[in-house]
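Q: structure of the sequence below:
(one chain, ligands or ions: 1)
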Amino acid sequence: MALSGAKKDGREVKIYEYLDELRTDLADYISELSEASVKERGVFAIAISGGSLISIIGKLCEAPYSKTVDWSKWYIFWVDERVLAKNHADSNYKLAKDGFLSKVPIVPSHVHSINDTVSAEKAAEDYEFVIRQLVRTRVINVSDVSDCPKFDLILLGMGPDGHIASLFPDHSTLDEKDEWVTFVTDSPKPPPERITFTLPVINSASNVAVVVTGSSKAEAAHLAIDDVGPDYPSLPAKMVQPTKGKLVWYLDNAAASKLDCTKFSD
Ligand SMILES: O=C1O[C@H](COP(=O)(O)O)[C@@H](O)[C@H](O)[C@H]1O
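A: The predicted structure follows:
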């Protein structure tokens, strides 16, 4: 059970003492969203990140989820990807394939990874093209506020510097308003070449979950979640503010250790 399930400014912040409880609650949440989306639209369009998130959502490969989730209706996308061969140890695709996708019966043609044979700029362009086709056929919903795709769920991790996806602090990609997918060739975290969803796409999703564990991320979690004034305008994690969708933070105790929970209300 979450130590705290407090709500703050329309966001939900869940804090867990034990990692396995976080994994179970997150798996419950994802499978409930999947069920609701399949019932409503016939499909579930989910965009995942790389990093520590993957071992956490690996819980979905276990019973009961492995049997109860309608995997045939899942369409998988990457919120961000490193422009590397798919079998490279640093590829987000490889991480997800090894730790999750190869263990559940997702239809291979529903797995939309990037073109890894071209430049970062072209890979971003190609990926946006793929997403546009799937918006046209309504595999991915469309936002009624912007013309952006409206993913049923976007799963984000966060780095110790407050980056989400491959959107880094003080980087010009944070200002991108027109493109759905953009590229980076100077990522401060290696590897340097990446593609990433832009903030308008992330903030158009129906549901966004930010999953953060470990004490190295406590300061960034505090700056992103607590009201710390206008001094950190370009902290990417703080810029995750879905226009109409729901935002839930999943934190372990260590990541939440600097939060000012007294300002939360149940
Ligand atoms: O480089 C990346 O980092 C973030 C955070 O990773 P984590 O291992 O600290 O959780 C990740 O969400 C992103 O997808 C990845 O490309």
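Q: most proximal residue of this structure with respect to the ligand?
A: Distances between the chain and the ligand by CB to the nearest ligand atom are smallest at Gly51, namely 2.4 Å. Every C-beta, even on glycine, is put in place using the N, C-alpha and C of the backbone.
Q: enumerate the residues of the stretch 101-250 of the chain near the ligand.
A: Contact residues (CB under 6 Å from any ligand atom) of the stretch 101-250 of the chain with the ligand: Gly157, Gly159, Ala165, Ser166, Lys189.
Q: re the thing from before, so who does the residue of the chain closest to the ligand touch?
A: Contacts here follow CB atoms under 8 Å, 6 or more residues apart in numbering; on that basis Gly51 touches Asn92, Leu95, Gly157, Gly159.
Q: of these, which pair is most distant in space?
A: Maximum pairwise distance among the contacts of Gly51 (CB to CB): 15.0 Å, between Leu95 and Gly159.
Q: hang on, the earlier thing: mind checking the SS state of the residue of the chain closest to the ligand?
A: Here Gly51 is coil, with the state taken from DSSP: H, G, I helix; E, B strand; the rest coil.
Q: pLDDT value on it, please?
A: Looking at Gly51, its pLDDT reads 98.
Q: likewise the one 4 residues further on?
A: Predicted confidence (pLDDT) for Ser55: 98.
Q: repeat for the one 5 residues further on
A: According to the per-residue confidence, Leu60 scores 98 in pLDDT.
Q: now do the SS call for it.
A: Going by three-state DSSP, the state assigned to Leu60 is helix.
Q: buried stuff in the helix or strand encompassing Asp98?
A: According to DSSP states H and E, Asp98 maps onto helix 92-99. Residues of helix 92-99 classed as buried: Asn92, Tyr93, Lys94, Leu95, Ala96, Lys97, Gly99 (neighbour count, 16 or more other CB atoms under 10 Å).
Q: can you redo those as a markdown table with distance to the ligand and pLDDT?
A: Putting the buried residues of helix 92-99 into a markdown table (distance: CB to the nearest ligand atom, whole Å; pLDDT from 0 to 100) gives the following:
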| residue | distance to the ligand | pLDDT |
| --- | --- | --- |
| Asn92 | 6 | 98 |
| Tyr93 | 11 | 98 |
| Lys94 | 12 | 98 |
| Leu95 | 9 | 98 |
| Ala96 | 10 | 98 |
| Lys97 | 14 | 98 |
| Gly99 | 12 | 96 |
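Q: now Arg23: closest residue in space, sequence neighbours ignored.
A: Excluding its sequence neighbours, the residue lying closest to Arg23 (CB to CB, 6 or more residues apart in numbering) is Lys59, at 4.1 Å.
Q: just checking, the one you found touches Ala27?
A: Yes - contact status for Lys59 versus Ala27: in contact at 4.2 Å, counting by CB atoms under 8 Å.
Q: quick one: the helices in the chain?
A: Applying DSSP state H to the chain gives helices spanning 19-41, 53-57, 65-68, 92-99, 120-136, 199-202, 218-225.
Q: please identify the deepest-packed of the ones you listed.
A: Across the helices of the chain, averaging neighbours per residue (mean count of other CB atoms under 10 Å) puts helix 199-202 on top, at a mean of 23.
Q: wait, isn't Asp161 in contact with Ala220?
A: Yes - at 6.5 Å, Asp161 and Ala220 qualify as touching, with contact defined as CB under 8 Å.
Q: for Gly10, give me its contacts.
A: By CB under 8 Å, 6+ apart, the contact set of Gly10 is Leu247.
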